[in-house]
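Student: With the input below, show me the fold.
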Amino acid sequence: MEKLPAQMTVVGISKPGGPEVLIPETRPVPVPGPGEILIKVEAAGVNRPDVAQRSGSYPPPPGASDLPGLEVAGEVVALGEGATRHKLGDRVMSLVAGGGYAQYCIAQDAQAMTVPPALSMLEAGAMPETLMTVWHNVFERGGLKSGETLLIHGGSSGIGTMAIQLAKAFGANVLVTVGSQDKADACLKLGADHAINYRSEDFVEKTKAATGGQGANVILDMVGGSYIEKNFDAAAIDGRIVQIAFLGGPKATVNFTKLMVKRLTHTGSTLRPRSNADKAAMVAAIEAKVMPFIRDGRIKPLMDSSFPLEKAAQAHARMETSEHIGKIVLKI
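Tutor: Next comes the predicted model:
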């Protein structure tokens with residue numbers, strides 16, 4: 001193994017604000033502690049929580065790096081005490097609690113997954129956060145089963161495009177909401193059964209029409225706001241609505257009678273603050289149940305664009321246009 005440098009280039013947040021506050025700087029290369037590995041980063045995914053952290057509305061949890069970046073892929077170059085799942089030189093991809101926008105990043109050994117040959121390192125850097133978010137929320141919390149219908153809001157997002165592929169791999173019917181024909185076409189190409197343009201169509205009506213009047217069994221929602229009551233309308237009897245973000249706002253006026261009449265479950269989660277044990281359990285489930293689909297190339301991230309680490313501000317600007325289809329990644 002090459003000798004590790006003492007310093008590295010990172011992209012920090014100089015102050016809360018727009019993309020321009022993302023500034024390259026130099027910091028010491030971190031040292032892995034017990035149960036940790038050090039990854040020489042080749043690719044780091046860009047996600048909505050990074051944008052929220054940059055704007056000042058999503059602070060890192062206690063003990064996490066103050067640098068943005070929740071998923072990375074690269075080579076293991078140092079092992080902390082007790083880190084035995086991976087060895088030096090392994091190509092891995094991992095969820096991290098922060099610090100991904102850097103040349104080197106600490107990860108929990110139990111949360112890192114071996115990169116299969118079917119994935120490029122750029123694709124691997126775009127995989128862990130979306131994969132774990134979809135697996136936990138759609139399958140573990142939402143309980144999606146073969147033959148059921150999943151409605152995905154934001155179908156062309158990184159999470160949406162991963163959710164389409166996973167749901168289809170496990171035998172579900174998939175409906176998505178999108179804002180343009182290009183996004184609809186991309187979702188249909190990935191396997192979605194129906195794409196609903198929310199700008200010109202009523203997703204409640206279209207969902208019921210596509211399901212013979214029954215509604216969606218599971219709804220994955222990152223919008224919130226006015227969508228909350230509409231989701232209650234679009235859901236089937238015993239439907240499960242899983243909230244993962246509130247891009248349309250966290251407050252709404254809702255007739256909760258529908259919750260009782262339809263026996264609905266409205267749940268939600270955030271991934272970053274979860275315990276290391278929880279995340280390790282998700283990784284173990286994914287390795288057992290999803291990794292075979294990734295190894296044979298049936299599931300991989302839909303890639304929108306990549307930017308050099310030093311151009312992270314441009315990557316954030318791209319994400320904030322909401323014109324992207326799939327994942328945005330930093331190449332390091």
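Student: Taking the centroid of the protein, which residue is nearest it?
Tutor: Central residue check for the chain by Cα atoms, centre = their mean: the C-alpha nearest the mean position is that of residue 130, 2.3 Å away.
Student: Give me the pLDDT for that one.
Tutor: We note a pLDDT of 95 for residue 130 in this prediction.
Student: Ok, residue 7 next?
Tutor: If you check residue 7, the pLDDT there is 98.
Student: how close does the nearest residue to it once chain neighbours are set aside sit to residue 164?
Tutor: Leaving aside its chain neighbours, residue 7 sits nearest to residue 26 (5.2 Å; criterion: Cβ to Cβ, 6 or more residues apart in numbering). All C-beta spots, glycine's among them, are computed from the backbone N, C-alpha and C. From residue 26 across to residue 164, the span is 40 Å (Cβ to Cβ, to the nearest Å).
Student: Settle it for me: which of those two has more neighbours?
Tutor: residue 164 (30 against 10; other Cβ atoms under 10 Å).
Student: residues in contact with that one?
Tutor: 152, 155, 174, 176, 187, 190-192 (Cβ atoms under 8 Å, 6 or more residues apart in numbering).
Student: now those: which count as buried?
Tutor: Those of the contacts of residue 164 that meet the buried threshold are 152, 155, 174, 176, 187, 190, 192, by 16 or more other Cβ atoms under 10 Å.
Student: Okay, now the sheet partners of the one helix or strand the first one maps to, with direction.
Tutor: Meaning residue 152. Element membership of residue 152 [criterion: DSSP states H and E] is strand 149-153. When pairs are called by DSSP bridges, strand 149-153 turns out to pair with strand 173-178 (parallel), strand 216-221 (parallel).
Student: roughly how far out does it sit from the chain middle?
Tutor: The gap between where strand 149-153 is centred and where its chain is centred comes out at 16 Å by Cα atoms, centre = their mean, to the nearest Å.
Student: quick one: average pLDDT of that strand?
Tutor: In this model, strand 149-153 carries a mean pLDDT of 98.
Student: Neighbours of residue 60, how many?
Tutor: Residue 60 has 18 neighbouring residues, counting by other Cβ under 10 Å.
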